[in-house]
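J.: here is my input, please return the structure:
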Amino acid sequence: MITRLILQTSLWLACMGALLFGAAGTFAWPAGWWYLIETGGLSLWVGLWLARHDPGLLAERLAPIVQAQQSRWDRIFMMAVTVAWGAWLVLMGLDAMRYRWSAPFPVWLVSLGSLCILVCLLLCVIVFRANSYAAPVVKIQTGRGHKVIDTGPYAHVRHPMYSAALLLFIGTPLLLGSSWGLACVPVMVIGIGWRAVREERVLAEQLDGYTGYIARVRYRFVPFIW
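T.: Predicted coordinates:
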């Protein structure tokens, strides 16, 4: 499984690098290289941590983004997200380097972006520690004894993984120096918000105890906000 983790991470980095640097039109982009190093290194570290502490969850995380157990709407959503993510990277490469539509970001803002990505991945580890069923697709994992998780971060928000993703959405364009990329963030937040609502409908219908969990934990992403 570790071999598969390394191969999939390498392929993912290669694809992102091709999109970013292809759009930028140059390899002389320190922020682009640091983004790949940081996200790739942290993702590999999280994967190796899962291989040691929860190989079942790692297998779920490495599974295809389109699966037979998924609802049709989630299959369409995941394919759309894949296309949108690639387009977002291309936009930021064009903006930050090829055409330089955005003014250069100050170092502190770029550093803040890098910090957001780091915190995002650290929060993911906290989520994985609490929830062994945190698969990337919406489905009931009957074979793994799927049950409601209400401890750790799930005692405060119903979708802490999405909460962590907000930091990635903000941190990526800050690190890469793209105002246009940052302008896309509200649309991305609306997208995962829509998915969270649809996901909760599936869980409430198919997972025992989830309706009661919704009643106990009021907020989805950010306490006192939503």
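J.: CA atoms for contacts and neighbours, from now on please.
T.: OK.
J.: name the element the closest residue to residue 209 other than its chain neighbours belongs to?
T.: In space, and not counting its chain neighbours, residue 209 is closest to residue 148: 6.5 Å by Cα to Cα, 6 or more residues apart in numbering. Using DSSP states H and E, residue 148 is not contained in any helix or strand.
J.: list the contacts for the most centrally placed residue in the chain?
T.: The centre of the chain sits closest to residue 165, judged by Cα atoms, centre = their mean, with a distance of 4.7 Å. Residue 165 sits next to residue 120 when contact means Cα atoms under 8 Å, 6 or more residues apart in numbering.
J.: ok, now how distant is it from residue 171?
T.: In this view, residue 165 and residue 171 are 10 Å apart by Cα to Cα, to the nearest Å.
J.: what count of nearby residues applies to residue 186?
T.: The burial count assigned to residue 186 is 12, neighbours taken as other Cα atoms under 10 Å.
J.: just the helices in the protein please.
T.: 2-24, 30-53, 55-62, 72-93, 107-130, 160-176, 179-183, 185-206, 210-216 (DSSP state H).
J.: give me whichever of these is most buried.
T.: Highest mean neighbour count of the helices of the chain: helix 160-176, a mean of 23 (counted as mean count of other Cα atoms under 10 Å).
J.: can I get it in PDB, CA atoms only?
T.: C-alpha atoms of helix 160-176 as PDB (Å, rounded to 0.1, in the frame of the first residue of the first chain):
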ATOM      1  CA  PRO A 160     -14.100  19.300  10.100                       C
ATOM      2  CA  MET A 161     -12.400  18.000   7.000                       C
ATOM      3  CA  TYR A 162     -14.200  20.700   5.000                       C
ATOM      4  CA  SER A 163     -13.200  23.200   7.600                       C
ATOM      5  CA  ALA A 164      -9.500  22.300   7.000                       C
ATOM      6  CA  ALA A 165     -10.100  22.500   3.200                       C
ATOM      7  CA  LEU A 166     -11.000  26.200   3.600                       C
ATOM      8  CA  LEU A 167      -7.400  26.800   4.700                       C
ATOM      9  CA  LEU A 168      -6.100  25.100   1.600                       C
ATOM     10  CA  PHE A 169      -8.400  27.100  -0.600                       C
ATOM     11  CA  ILE A 170      -7.100  30.300   0.900                       C
ATOM     12  CA  GLY A 171      -3.500  29.300   1.300                       C
ATOM     13  CA  THR A 172      -2.900  28.100  -2.200                       C
ATOM     14  CA  PRO A 173      -3.500  31.400  -4.100                       C
ATOM     15  CA  LEU A 174      -1.800  33.300  -1.300                       C
ATOM     16  CA  LEU A 175       1.300  31.200  -1.600                       C
ATOM     17  CA  LEU A 176       1.300  31.300  -5.400                       C
END
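J.: for that helix, the averaged confidence score.
T.: What helix 160-176 shows for mean pLDDT is 98.
J.: against residue 29, how distant is the residue lying farthest from the centre of the chain?
T.: In the chain, the residue that sits farthest from the middle, by Cα atoms, centre = their mean, is residue 99; the gap is 27.7 Å. The gap separating residue 99 from residue 29 is 13 Å, by Cα to Cα.
J.: pLDDT at the residue nearest to residue 209, what is it?
T.: As predicted, residue 148 sits at a pLDDT of 96.
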